[in-house]
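> Build the 3D model from these lines:
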Amino acid sequence: MVRLTIAFFISICCISASDQTPVRKYLLTGQAQGTSYQIVYYATDSIISKKQVDSILEVIDSSLSLWKPYSLINQFNQSDSGITVDDHFRTVVKKSLDTYHQTSGIFDITVQPLVQAWGFGAQSINHLPDSATIQLLKKCLGSGFLEVLQTKIIKKKSCIKIDLNGIAQGYTVDVLANFLEKNNIRNYITELGGEIRVKGTKQPGNERMKIGIESPGDDEFEMGFMKKIIEIDQGAITTSGNYRRYYESKGKRITHIIDPRSGYPVSNELISVTVYAKDAITADAYDNAIMVMGLQDGIAFVNKRTDIAAHFIYKTQNGVVRDTMSKGFYQLMKH
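Numbers count the residues shown, from 1 in each chain. I've put the predicted structure just below:
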């Protein structure tokens, strides 16, 4: 799922530690999940290689990617009652079900038939769905029809199909971050498709990482500029927005964010939502759900929670692009 670009800024530098061993900045980049990734870490040696990272990403894709015919998610969708899964699949589905309940069904990974019908799935479409088709597809929606067992994911309706694009990139960022930490790296940024997780500080000055939040210009569907900069030394930042992935049909813009309640693409005042959480899987799941909620309900939802904070960009009834944020997000702002 394509996200608003979140740019991060980090300077190239090195220091000498007390034992005179130089600490350097290492940068790894590549392609994965239909987008790019970047990993920046500080260490005395190149502990992590691009080959290792690409191997991790390949394993995750083999589990969660709808664009890999052999993947576990495609095997699950083609099954009648579910399949045996790996830890990646089980972890992401379990988190998805928790988010489903926390958002009263707004975040629903069984939305895949609608995502496909509206032209945002792995297969191309020839026409848009009519209301009768949407109502028929909605009969195969509902994460309540999923059950997570120790080694299996069960579907209680054979027509249930899932789409994990709304959470998989955040999860992947966490997997990469955990891999760095297992290798005793304590200062890093992992980024995939604009989803970011941060730990530690820039060296040698021990400065917090700076992350810029992109804002659209006068037209909410066009690229804009860096509107806000936040500083953090741990946690994750992800963004969901409607102006990076859309198409036009009969003069209307059809965005990729689908409301499972109505069966139609979201059409409200929100342009983007950026969420901060302790890990990227949490932030990634909630940024999509909040986009569906709309501005007022989204702010109210976030302000009731202590585990997330959010920044909102929206368009007023007069067509003016503005932004606001939850109470917790103010604490992240650069002073």
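
> so where do the helices sit in the stretch 1-150 of the chain?
50-64, 72-78, 87-102, 112-117, 131-138 (DSSP state H, counting those that start in this stretch).

> Just name the most buried of those helices.
helix 112-117 (a mean of 23; mean count of other CB atoms under 10 Å). The way it works is simple: take the backbone N, C-alpha and C, and place the C-beta from them, glycine included.

> what residues does that one touch?
With contact meaning CB atoms under 8 Å, 6 or more residues apart in numbering, helix 112-117 is reached by 66, 77, 121-123, 125, 128-129, 133-134, 137-138, 140-141, 159, 161-163, 165, 256, 258, 260, 263.

> name the helices or strands packed onto whichever helix or strand I154 is part of?
Under the criterion of DSSP states H and E, I154 resides in strand 152-155. For strand 152-155, the packing partners by 3 or more CB pairs under 8 Å, 6 or more residues apart in numbering; DSSP states H and E come out as strand 82-84, helix 87-102, strand 146-148.

> right, so of those, which gets closest to I232?
With distances scored as CB to CB, the stretch of these nearest to I232 is helix 87-102 (21.7 Å).

> Could I get the average pLDDT for that closest one?
Averaged across helix 87-102, pLDDT comes to 98.

> Compute the inter-axis angle for it and helix 50-64.
Using axes from the mean of the first three to the mean of the last three CA atoms, to 10 degrees, the inter-axis angle of helix 87-102 relative to helix 50-64 is 60 degrees.

> returning to that earlier point: emit the PyMOL select command for whichever of the contacts of helix 112-117 are buried.
Selection of buried members from the contacts of helix 112-117 for PyMOL, criterion 16 or more other CB atoms under 10 Å:
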select buried, resi 66+77+121+129+134+137+138+140+141+161+162+163+165+256+258+260+263
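
> Looks like S62 contacts I73 (just checking).
No: the criterion here is CB atoms under 8 Å, and S62 misses it with I73 at 9.6 Å.

> where are the low-confidence patches of the stretch 201-335 of the chain?
Flagging of the stretch 201-335 of the chain using pLDDT under 70 yields the residue ranges 215-227, 243-253, 334-335.

> That one: strands as residue ranges?
Here the stretch 201-335 of the chain has its strands, by DSSP state E, counting those that start in this stretch, at 209-215, 225-232, 234-241, 246-249, 252-255, 270-277, 308-315, 321-325.
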